[in-house]
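**Student:** I need the structure of the sequence given here:
(chains A and B)
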There are 2 protein chains.
Amino acid sequence: MKKTIITVSREFGSGGHTIAKRVAQRLGYAYFDKELIEQVAENTGLHRDFVAERGEYAPSASRFAYAFISRGADGISLEDTLWNAQRELILNIADTKAPCVIVGRCADYLLRHREDALHVYIHADKEFRANRIVELYGETDAKPEKRLDEKDKKRRINYNYYTGRDWGAVHNYHLSLNSGVLGTDRCVDLTVAACGE
Amino acid sequence: MKKTIITVSREFGSGGHTIAKRVAQRLGYAYFDKELIEQVAENTGLHRDFVAERGEYAPSASRFAYAFISRGADGISLEDTLWNAQRELILNIADTKAPCVIVGRCADYLLRHREDALHVYIHADKEFRANRIVELYGETDAKPEKRLDEKDKKRRINYNYYTGRDWGAVHNYHLSLNSGVLGTDRCVDLTVAACGE
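**Tutor:** Predicted coordinates for the structure are as follows:
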């Protein structure tokens, strides 16, 4: 069965964004990454910076990240509001916008029971990713390895909190690729080939 | 750089053995799986059944599996003797028999620093694997899920004990494939494609 929905989960600095975009272009699939942020911001009234950050990252890199966030009288935090809106949007996109590629935001989990979905994970060694984020985003006061650790940890906590699964666990994905070893072009080729006819 | 050594690690019942064999045939690479067992048995004088079993599986599915095995005065157990011989053989094969495909036996770890090696992990959902082992090996008194759990656990303990790494952790491999979703043919195609030109 040809896969008409591709979710791409990626480690920070792995180039997963570029790979996902090129896969969508190659296959002529719709592409959802930043587009999700705009739509969720519009649907919820939340600021797009908040949606961009908290849609994938926990408020802190502590395992208690979600214990101390503020909640309304109904127990619903802004983070939960965001999660619910993001979830609804992704389920809706899968139903109405396929064929498509969806980047990040726990889409692999949300669409885990769909037989028309291919779940892809892009990872790379820390050294490769550290060099890449310095090239892309420049130096900062924090060492690149530290920036990676914090980003990875926040993403892992967010994923685990909302899905109950481990982020980056091999069983969550159908195809996991080391972009540092395989290179961007080959990752695009392999993902396209994995979709089938 | 074309990958001339392919290591294939596989979950029990995932079909990784078949995939590895077909990749070797397609590429015209030498193939080492059972061949390793014969050679290690010959080099060490250990019985081939012991080599076949303990070369990949811990003595029991307990995390203390290696705590109570018997050791000689030099602290070397039969398991350690086997590990050392297997390690030496695999390093030697990589040096002298490439291009080649090597199945299991921590080869991904032993050859982790080689730039000419591609490390592949074949996994599948438990239901798929349970059905497959009943088809291949027939029913036994133990339920197939229980047989899988025990095999997986023994393999995980063996791998962790000798490598210090987690078996099946996505970062150990360059390419991880769900054979249940992708199918055998596509897993062969993807592995061949991942080797490059």
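**Student:** any idea how many residues pack against the residue of chain A found nearest chain B?
**Tutor:** Checking chain A residue by residue against chain B with Cβ to the nearest Cβ singles out A:Ser176 as nearest, at 3.8 Å. Yep, even glycine has a C-beta here, placed from its N, CA and C like the rest. The number of residues packed near A:Ser176 is 26, by other Cβ atoms under 10 Å in any protein chain shown.
**Student:** list the contacts of the residue nearest to the spatial centre of chain A.
**Tutor:** With distances taken as Cα atoms, centre = their mean, A:Gly104 lies nearest the centre of chain A, 1.4 Å away. A:Gly104 makes contacts with A:Val8, A:Ser9, A:Arg10, A:Asp33, A:Gly55, A:Glu56, as judged by Cβ atoms under 8 Å, 6 or more residues apart in numbering or on different chains.
**Student:** can you do 10 Å?
**Tutor:** Counting by Cβ atoms under 10 Å, 6 or more residues apart in numbering or on different chains, A:Gly104 touches A:7-10, A:16-17, A:20, A:32-33, A:36, A:55-56, A:155, A:159.
**Student:** go through the residues you listed and say which is closest to B:Gln25.
**Tutor:** A:Val8 (31.8 Å; Cβ to Cβ).
**Student:** so what pLDDT did the closest one get?
**Tutor:** At A:Val8, the pLDDT value in this model is 97.
**Student:** that one belongs to a helix?
**Tutor:** No. Assessed with DSSP: H, G, I helix; E, B strand; the rest coil, A:Val8 is strand; it does not lie in a helix.
**Student:** please name the bridge partners of it.
**Tutor:** Taking DSSP bridges, one obtains A:Val103, A:Val120 as the residues bridged to A:Val8.
**Student:** what about it, distance to A:Thr81?
**Tutor:** Distance from A:Val8 to A:Thr81, counting by Cβ to Cβ, to the nearest Å: 25 Å.
**Student:** these two - which one has more neighbours?
**Tutor:** Using other Cβ under 10 Å, the more surrounded residue of A:Val8 and A:Thr81 is A:Val8, with 29 against 16.
**Student:** hmm, that one is touching A:Ala24, no?
**Tutor:** Yes. Using Cβ atoms under 10 Å, A:Val8 is in contact with A:Ala24, at 9.3 Å.
**Student:** now do the shared contacts for these two.
**Tutor:** Taking Cβ under 10 Å, 6+ apart as the criterion, A:Val8 and A:Ala24 both touch A:Tyr31, A:Asp33, A:Val101, A:Ile102, A:Val103.
**Student:** got the residues of chain A near chain B?
**Tutor:** Residues of chain A lying close to chain B (Cβ under 10 Å from any Cβ of the partner chain) are A:1, A:3, A:11, A:115, A:117-119, A:121, A:123-126, A:168-183, A:185-187, A:189-191, A:193-197.
**Student:** filter those residues down to just the ones in helices.
**Tutor:** Using DSSP state H, the subset of the residues of chain A next to chain B located in helices is A:126, A:179-182, A:185-187, A:189-191, A:193-195.
**Student:** what about the strands in chain A?
**Tutor:** A:5-10, A:30-32, A:100-103, A:117-123, A:175-178 (DSSP state E).
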